[in-house]
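Undergrad: Quick check, what structure comes out for this input:
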Amino acid sequence: MTNNLSSKGNLDLRKWIEEIREFGLLKEVSGADWDLEIGVVTELNAKRQKHTLLFDEIKDYPKGFRLLTGALLDAKRVASTLGFPHDVNNLQLVRQFKQKIVDTNLHVEDYQPRFVENPLFLENVRKGNDVNVKIFPAPRWHEHDGGKYVGTADFLITKDPNSGAVHVGVYRLMVHNSRELGVHLDTGHNARLDMQKHHELGRECPVAISLGHHPFMFAIAGMEVPFGISKYSYAGAILGKPYSVCKGPVTELPIPADSEVVLEGYITNELRKEGPFGEFMGYYAGGEFNNPVIRVEAAYYRNNPIILGTAPGRPPYDYSYYRCPMRAAVIWDILDKAGIKNVTGVWCHEEGYSRAFSVISLKQAYAGHARQAGYVACQSRPGVFGGRFVVVVDDDIDPSNLQDVTWAMCSRCDPKSGIEIIRDSWGTPLDPLIERTPDMGIEECTSSRAIIFACKPFSRLYHNTFPKVVESSPEIREKFAQKWKNILW
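TA: Reported below is the predicted structural model:
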């Protein structure tokens, strides 16, 4: 990842942007309106040209305060961000990240974050009544959103008051006024649990927020890592060097040294209307929430700061791709650790917003092998939240190819015996199928999961009695493809 590192070894968003420019994938957009225009352009770009977009001279905002979208729209940009070779396909990227996970899990304790002083985001400091978060670009991303959202590709840093564990996660942030933000903390997520523990102790919950940063940490912040492992240490292990942080002047929380814009403050005991917001499932599910309020005590930012932003919605959307290979790699690693042998590929499909439609391919070794894999993947931490369907296919099926997967489902799955339903699984109020009542807590939300076994019946596979596939052998295909390449290519 040397192209993205500053001379001090820290990640550098601006160097990353120049690398994307060299790829020919960067477009600069001047003069866009924060009200819908940025959101619509970001939405259309994700479905069409898939450029990385750098917005400047945004209407009603200070000149030089910029906003970046489309950071992780394809395999090349994700691979570059993670420090992998650029020319990879979907499954190659999954395998590379899975191997990195294996190496990371073995050595993660060797990569505690490195504390540094005088980060560049301290070029500008505002505290107390001088804080005004309204100077930072906060689009109304979708036409039915309930407000302006400064945090969509941000991440929050909180700490468990009992164990001292530091947690990093991505949560949406709506602007209430110059010093207050509304935050949606979904059930079971670490920031919500940390907040509840602080409140039970009778105090407000310290929080630090990074609004602009290298996409690497955004990618790590938005994924599931093994329980008990710091995402900062995890990030360092993937980088191959300790991740650089600095101590927050107000909260003393560890803040990424590469951040462009940082806020510090407290999650108060107050609840206030937040939303609606067009979310990752593609719906305005849940509507308005009575959500926690963050009181901002300090704001820090670089000269000419860059904020990361994104517009979720109906897939494909601005960040729907990057979580597909990363979540697939994590699920594959969990299958390995559970002793599920012969897995040949995993993919989480963008059409299912990387959560709702996961496919596992494997070479069946025994009766029940496919079911074992399906159940483990379905109820694993990265597979269960926001999940809907897990499909298990044979090793001759490319799990990332929807045509292959659909054919296997139609020809190898008998609905009578090939579909299992798991009821009352972990749910989210963002699910459009959950009907919330006024007194329903978000912790009460549940939904069902389906596991589809689209594999050849093992007994027929074992006895070699399942019909042959109507397809030429690779050798014959190659022979005639070369002979007639002027026609076929």
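Undergrad: Domains in this protein, by residue range?
TA: 2-308, 323-474 (automatic domain parsing).
Undergrad: Could you look up the SS state of residue 478?
TA: The three-state label given to residue 478 by DSSP: H, G, I helix; E, B strand; the rest coil is helix.
Undergrad: Let me know how buried it is, in neighbour terms.
TA: Counted by other C-beta atoms under 10 Å, the residues lying close to residue 478 total 11. Backbone N, C-alpha and C define where each C-beta goes, glycine included.
Undergrad: can you give me the helices in the stretch 51-200 of the chain?
TA: 75-82, 90-107, 190-200 (DSSP state H, counting those that start in this stretch).
Undergrad: model confidence over the shortest one, on average?
TA: Computed over helix 75-82, the mean pLDDT rounds to 93.
Undergrad: Okay, angle between it and helix 90-107 too, please.
TA: 20 degrees (axes from the mean of the first three to the mean of the last three C-alpha atoms, to 10 degrees).
Undergrad: Now residue 424. Nearest residue, chain neighbours left out?
TA: Closest residue in space to residue 424, ignoring its immediate chain neighbours: residue 446 at 4.5 Å, by C-beta to C-beta, 6 or more residues apart in numbering.
Undergrad: Tell me what the one you found is bridged to.
TA: residue 426 (DSSP bridges).
Undergrad: which residues does residue 29 contact?
TA: Counting by C-beta atoms under 8 Å, 6 or more residues apart in numbering, residue 29 touches 41, 53-56.
Undergrad: can we see that at 6 Å?
TA: By C-beta atoms under 6 Å, 6 or more residues apart in numbering, residue 29 lies in contact with 53, 55.
Undergrad: Parallel or antiparallel, list what pairs with the helix or strand hosting it.
TA: Assigned by DSSP states H and E, residue 29 belongs to strand 26-30. Strand 26-30 has the following strand partners under DSSP bridges: strand 52-56 (parallel).
Undergrad: now the residue lying closest to residue 128 once chain neighbours are set aside, what's its secondary structure?
TA: Of all residues not flanking residue 128 in the chain, residue 297 sits nearest, at 6.8 Å (C-beta to C-beta, 6+ apart). Using three-state DSSP, the structure places residue 297 in strand.
Undergrad: Wait, residue 297 touches residue 265, no?
TA: Yes. Contact criterion C-beta atoms under 6 Å: residue 297 and residue 265 qualify, at 4.5 Å.
Undergrad: follow-up on the earlier one: in TSV: the domains of the chain, plus distance to residue 486.
TA: TSV is the format used below for those (distance: least, C-beta to C-beta, whole Å):
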stretch	distance to residue 486
domain 2-308	26
domain 323-474	19
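Undergrad: quick one: the strands in the stretch 151-300 of the chain?
TA: Assigned by DSSP state E, counting those that start in this stretch, the stretch 151-300 of the chain shows strands spanning 155-159, 166-169, 173-175, 180-183, 205-212, 244-247, 254-256, 261-274, 289-301.
Undergrad: Run the angle between the first one and strand 205-212 for me.
TA: Orientation of strand 155-159 against strand 205-212 (the same axes, to 10 degrees) gives an angle of 150 degrees.
Undergrad: So what are the sheet partners of strand 155-159 and their directions?
TA: Here strand 155-159 has these sheet partners by DSSP bridges: strand 166-169 (antiparallel), strand 205-212 (antiparallel).
Undergrad: List the buried residues in that strand.
TA: Applying a neighbour-count criterion of 16 or more other C-beta atoms under 10 Å, one finds 155-159 buried in strand 155-159.
Undergrad: Repeat that for stretch 166-177.
TA: For stretch 166-177, a neighbour-count test (16+ other C-beta under 10 Å) marks 166-176 as buried.
Undergrad: ok, now stretch 86-97?
TA: Buried-residue list, stretch 86-97, by 16+ other C-beta under 10 Å: 88, 90-91, 93-97.
Undergrad: Out of the helices and strands in the chain, which is least certain?
TA: Of all the helices and strands that make up the chain, helix 381-384 has the lowest average by mean pLDDT, DSSP states H and E, namely a mean of 82.
Undergrad: That one: what's the following helix or strand?
TA: strand 389-394.
Undergrad: If you count contacts, what does the helix or strand just after that following strand end up packed against?
TA: For strand 389-394, the following helix or strand on the C-terminal side (DSSP H and E) is helix 402-412. Counting contacts by 3 or more C-beta pairs under 6 Å, 6 or more residues apart in numbering; DSSP states H and E, helix 402-412 is packed against strand 446-454.
Undergrad: shaky segments in the stretch 251-400 of the chain?
TA: Counting by pLDDT under 70, not a single residue of the stretch 251-400 of the chain qualifies.
Undergrad: Mind doing that once more with 90?
TA: 279-289, 319, 353-354, 380-387 (pLDDT under 90).
Undergrad: Equivalent analysis for the stretch 51-200 of the chain, please.
TA: The model of the stretch 51-200 of the chain has pLDDT under 90 over residues 83, 85-87, 99-110, 186-189.
Undergrad: what about 50?
TA: Along the stretch 51-200 of the chain, no part satisfies pLDDT under 50.
Undergrad: OK, contacts around residue 443?
TA: Going by C-beta under 6 Å, 6+ apart, residue 443 touches residue 187.
Undergrad: Now do the SS call for it.
TA: Under three-state DSSP, residue 443 comes out as helix.
Undergrad: Now do the same for it: its pLDDT.
TA: At residue 443, the model reports a pLDDT of 79.
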